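>>> Compute the structure for the input listed below.
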Amino acid sequence: MNINYIIIVLGEPYSTFSEILAKYFTKNKKQKKKIILIGNLKLLKKQLKKLNYFLPLNNIYEIVEAKKSKINIINIEFKHNKTFTDISKRSNRYIKESFDKSLEIMREFKNECVLVNGPISKKHFLDKKFLGITEFLSKKTKSKNEVMLIYNEKMSVSPLTTHIPIKYVTKKISIRKLMNNILMIEDFYANILKKKKNSFCHFRA
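Below you'll find the predicted structure:
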C-alpha cells in the first residue's frame, strides 16, 4: 500500500477544527504526503482570517491536481452567513456530502489514500442512529466487524467498545469480539503497515 494522499473531511463547519488545522499546518509546513481537505472553501478562508492564520490553500476538482507544497481543498457547497455560530442540524446535508465525496475518492484511489475526519456532532449529525463516526463509516462502506485502532509508531490502543455508557460495557465484551479485534489488527499490521508477524503479540482464548 503506497499512500500518496491524506484526505481530511472538515466535518462540523462550526467546530474548532479550522483552528486545530491552522496550528498544525503552521507548525508543520513541509508535508510528506499530499493533503486534501474536503469542505467549504469560503467558510474555511473566513475562519482562518478571523483566527489570524494564513494557509496556502489550493482549490482543486480532482485529487490528481493536488500539490504537496500547498493545502489542497475540494470545495463542498455550504450556505452560511456567520463565520462561527452554534452547532445545529443545519449543516447535516453539507457534512453528508463531504463524506460522500471523500468516500468516492477512497473507492477510486483505495490503495493511495487514508481518511481523516474532523469533529462530528453525535447529537445533530449522527442523531442516535450510530454510536460514533466509526460505525457511520462502517455502514457507508458496507464494512463488517469494524475495529477502532488509535495508532502511532510507539503505541497502539484498540477499545473493545465505543461510545456507550459504562454500565453497558461488560455486556458488549466477549471472547469472539476480543479475537475479532486481535485478528483484524494483526491483518492491519501485516498487510498495511508491513510489520513482520514475529513482532506481534499473539493471544489465545
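>>> so where do the helices sit in the chain?
Secondary structure of the chain by DSSP state H: the helices cover 17-27, 41-50, 92-108, 133-140, 169-172, 175-191.
>>> counting contacts, what elements does the second one pack onto?
Same thing as helix 41-50. helix 17-27, strand 57-60, strand 71-75 (3 or more Cβ pairs under 8 Å, 6 or more residues apart in numbering; DSSP states H and E). Any C-beta I mention is one placed from the backbone N, CA and C, and that applies to glycine too.
>>> hang on, K70 packs against P56?
Yes. Contact status for K70 versus P56: in contact at 4.5 Å, counting by Cβ atoms under 8 Å.
>>> who's more crowded, these two?
K70 (16 against 11; other Cβ atoms under 10 Å).
>>> For K139, see how far away that one is.
Per Cβ to Cβ, to the nearest Å, K70 is found 33 Å from K139.
>>> cool, and L149?
Taken as Cβ to Cβ, the span from L149 to K139 is 18 Å.
>>> and K110, how many residues sit next to it?
When neighbours are counted by other Cβ under 10 Å, K110 registers 9.
>>> same deal with the one 10 residues further on?
Here the number of neighbours of I120 (other Cβ under 10 Å) works out to 21.
>>> That one against F130, yeah?
No. Look at I120 against F130 with Cβ under 8 Å: they stay out of range, at 9.7 Å.
>>> intersection of neighbour lists for the two?
Jointly contacting I120 and F130 under the rule Cβ atoms under 8 Å, 6 or more residues apart in numbering are F136.
>>> Distance check, N145 against N181.
9 Å.
>>> Compare the two (neighbour count), which wins?
Under the criterion of other Cβ under 10 Å, the comparison of N145 against N181 puts N181 first, with 19 against 11.
>>> Let me see the contact set for the residue lying closest to that one once chain neighbours are set aside.
Once flanking residues are discounted, N181 sits nearest to V147: 5.1 Å by Cβ to Cβ, 6 or more residues apart in numbering. Applying Cβ under 8 Å, 6+ apart, we find V147 in contact with S158, N180, N181, M184, I185, F188.
>>> Domain-wise, how is this structure divided?
According to automatic domain parsing, the chain comprises the domains 5-146, 148-205.
>>> pLDDT score assigned to the closest residue to L51 other than its chain neighbours?
Take L51 and drop its neighbours on the chain: the residue closest to it by Cβ to Cβ, 6+ apart is E19, 5.5 Å away. Per-residue confidence at E19 stands at 96 (pLDDT).
>>> now V114
V114 is assigned 89 on the pLDDT scale.
>>> Also N198?
Reading off the model, N198 has pLDDT 55.
>>> Repeat that for T83.
Reading off the model, T83 has pLDDT 96.
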